[in-house]
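**Q** everything below, folded, please.
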Amino acid sequence: MELQKMNGHGNDDGFDGLDALAERDEFLPHKGGGKKEIQFMDSEGKTSFGMSIFNLSNAIMGSGILGLAFAMSNTGIILFIILLICIAILSAYSIHLLLKSAGVVGIRAYEQLGNRAFGRPGKMLAGCIITVHNIGAMSSYLFIVKSELPLVIQAFLGKHEKTEEWFLEGNYLIIIVSAAIILPLALMRRLGYLGYTSGFSLSCMVFFLISVIYKKFNIPCPLVEEHVNTTGIDFTHTNATDDVCEAKLFTINSQTAYTIPILAFAFVCHPEVLPIYTELRDATKKRMQKIANISILAMFVMYLLTALFGYLTFFTVVESELLHTYSKVDPLDKLILCVRLAVLVAVTLTVPVVLFPIRRAVLQIFFPDKPFSWATHIVIAIVLIFIVNLLVIFVPSIRDIFGLIGATSAPSLIFILPGIFYIRIVPEEQEPLRSKPKIQAACFAAVGFIFMIMSLSFIIIDWVSGESRSPGGH
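**A** Numbering: from 1, shown residues only. Reported below is the predicted structural model:
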């Protein structure tokens with residue numbers, strides 16, 4: 001239903017009345033005799049409020065959490081907290097723009113918002129960005145499986161050196177994990193069914209957080225004699241009063257600028273927002289925004305505590321991957337082995353959640369009018385998992401490639417697309433171009449362009465200097 005000819009209601013929230021009307025007419029089943037027009041992947045919504053929170057929180061939570069302590073070491077505690085708060089608020093505002101745009105035109109697909117805003121080019125652009133970004137995210141998760149799972153198996157078997165057994169080969173392991181765990185979960189028809197696995201995945205990350213807090217009070221600084229960090233600093237020759245064991249409130253160095261990309265990537269969940277909205281029971285914009293706010297707040301707390309206690313454990317010598325830092329301290333620590341296993345479970349169970357928006361984008365681009373087909377549903381999942389496995393197995397420098405992808409797709413999904421979609425979709429009769437909400441949306445999109453240019457510049461500088469300092473993405 002097109003609402004461009006309707007007048008506003010003059011409330012502060014702008015389109016609340018229009019949103020409710022759009023949702024009543026477009027999203028929810030009609031109780032009268034009229035037949036409701038079928039939307040893409042339309043469903044009445046069967047996923048509970050709590051399960052939706054689990055799914056969105058799991059979509060937010062990514063491998064980037066392992067690099068937050070490193071980010072704090074390059075900004076200081078106060079500056080890091082300020083940046084984390086800003087990114088969390090901007091992410092929530094971005095979701096607000098998406099939901100408001102969806103409410104105006106009665107659409108709950110990111111690609112269809114692009115189609116409404118700019119026609120088929122907008123639809124193709126949104127679909128391609130979502131596909132590229134989420135393939136990058138899936139690959140980053142499977143890279144963790146490829147590198148960490150052999151070490152965990154080796155440690156539990158009591159082997160001190162890696163041997164040639166096939167079950168210690170990372171390439172074989174990711175194929176087995178993909179076929180035995182990821183594929184069956186990815187074949188589920190609705191994303192809401194993954195709420196249970198998402199809840200378990202989040203519980204694994206909570207265990208990771210508890211372990212980081214516990215280790216803060218069990219690892220001394222400076223470290224004991226045999227523990228030498230890979231940064232080259234030997235703690236046995238360092239006085240405890242030196243800067244090595246002193247927390248910084250504000251710090252600026254050559255790697256401080258990487259903090260914003262790390263934090264932005266850590267909050268990317270926007271491709272999953274509208275699919276989760278579609279399957280939400282008793283769906284309204286206000287209800288979905290509440291889910292987004294709770295999820296972002298929960299991840300904000302987890303991110304802050306993980307970064308703070310990880311940083312206060314190792315201070316300036318924390319490495320870009322927090323688990324690696326613990327392993328350097330005590331490779332045989334049973335608790336850290338359990339934590340590594342928990343992180344492996346968490347990222348593995350996140351892959352199917354990330355796959356759903358890619359499949360949705362592929363269907364929107366190639367089969368926009370085709371009804372649901374199990375054959376298509378299954379084939380797309382198998383092909384996507386196959387492609388990601390090939391990338392993880394055969395591309396050794398995948399980190400730089402996904403750094404480039406992340407520098408372009410993350411700001412597009414968080415800042416640029418929600419802002420320009422809102423400007424184009426909300427009718428000028430309701431909000432003129434010079435109205436405060438549209439000016440804010442324009443500034444929001446401009447911030448995304450600036451962020452993209454900065455991120456690409458840092459990556460190019462890294463490539464030119466031959467270094468890879470960034471600890472990774474989402």
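**Q** P368: which element?
**A** Using DSSP states H and E, P368 falls within no helix or strand.
**Q** any idea how far it is from V105?
**A** Applying CB to CB, to the nearest Å, the value for P368 to V105 is 16 Å. For the C-beta atoms, the positions are set from N, CA and C on the backbone; glycine is no exception.
**Q** so for the two, which sits in the more crowded spot?
**A** Per other CB atoms under 10 Å, whichever of P368 and V105 has more neighbours is V105, with 23 against 14.
**Q** quick check: closest non-adjacent residue to the more buried one.
**A** Of all residues not flanking V105 in the chain, R116 sits nearest, at 5.3 Å (CB to CB, 6 or more residues apart in numbering).
**Q** now that neighbour: how far from K123?
**A** 9 Å.
**Q** do P427 as well
**A** From P427 to K123 the distance is 20 Å (CB to CB).
**Q** between the two, which has more neighbouring residues?
**A** K123 (23 against 19).
**Q** remind me what the host helix or strand of that one packs against, helices and strands.
**A** Here K123, judged by DSSP H and E, is contained in helix 120-156. If you count contacts as 3 or more CB pairs under 8 Å, 6 or more residues apart in numbering; DSSP states H and E, helix 120-156 packs onto helix 110-118, helix 170-177, helix 270-279, helix 334-366, helix 374-394, helix 398-411, helix 417-425.
**Q** and the first one, what other elements does it pack with?
**A** On a contact count with 3+ CB pairs under 8 Å, 6+ apart, helix 110-118 meets helix 77-105, helix 120-156, helix 270-279, helix 334-366, helix 417-425.
**Q** same check, this time on the fourth one
**A** On a contact count with 3+ CB pairs under 8 Å, 6+ apart, helix 334-366 meets helix 49-60, helix 110-118, helix 120-156, helix 183-186, helix 195-216, helix 270-279, helix 322-329, helix 374-394.
**Q** got those helices as TSV, with distance to T251 and mean pLDDT columns?
**A** What follows is the helices and strands packed on helix 334-366, written out as TSV (distance: least, CB to CB, whole Å; pLDDT from 0 to 100):
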stretch	distance to T251	mean pLDDT
helix 49-60	26	90
helix 110-118	37	89
helix 120-156	27	87
helix 183-186	41	94
helix 195-216	19	90
helix 270-279	30	87
helix 322-329	18	80
helix 374-394	34	93
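**Q** ok, which of those helices comes nearest A361?
**A** helix 120-156 (3.9 Å; CB to CB).
**Q** now do the buried residues in that closest one.
**A** 122-146, 148-152, 154-155 (16 or more other CB atoms under 10 Å).
**Q** what stretches of this structure score poorly on pLDDT?
**A** 1-44, 160-163, 222-243, 254, 258, 397-403, 406, 466-474 (pLDDT under 70).
**Q** and stretch 53-66, what's buried?
**A** Buried residues in stretch 53-66 (16+ other CB under 10 Å): 53-66.
**Q** what's the neighbour count on D333?
**A** With other CB under 10 Å as criterion, D333 counts 18.
**Q** right, I mislabeled it, should have said V447
**A** 16.
**Q** for S94, see how far away it is.
**A** 10 Å.
**Q** show me whatever sits in contact with both of those two.
**A** F415 (CB atoms under 8 Å, 6 or more residues apart in numbering).
**Q** was I right to think F415 contacts V447?
**A** Yes - in this structure, F415 is within contact of V447 by CB atoms under 8 Å, at 5.5 Å.
**Q** who touches both of these two?
**A** L90.
**Q** on that earlier part again, state the pair within the buried residues of stretch 53-66 that is farthest apart.
**A** Maximum distance among the buried residues of stretch 53-66 (CB to CB): 22.8 Å, for I53 and L66.
**Q** list the contacts for the closest residue to I175 other than its chain neighbours?
**A** Counting by CB to CB, 6+ apart, I175 lies nearest to N389, which is 6.1 Å off, once chain neighbours are set aside. Neighbouring residues of N389 by CB under 8 Å, 6+ apart: 142, 174-175, 178.
**Q** go again using 7 Å as the cut-off
**A** The contact partners of N389, by CB atoms under 7 Å, 6 or more residues apart in numbering, come to 174-175, 178.
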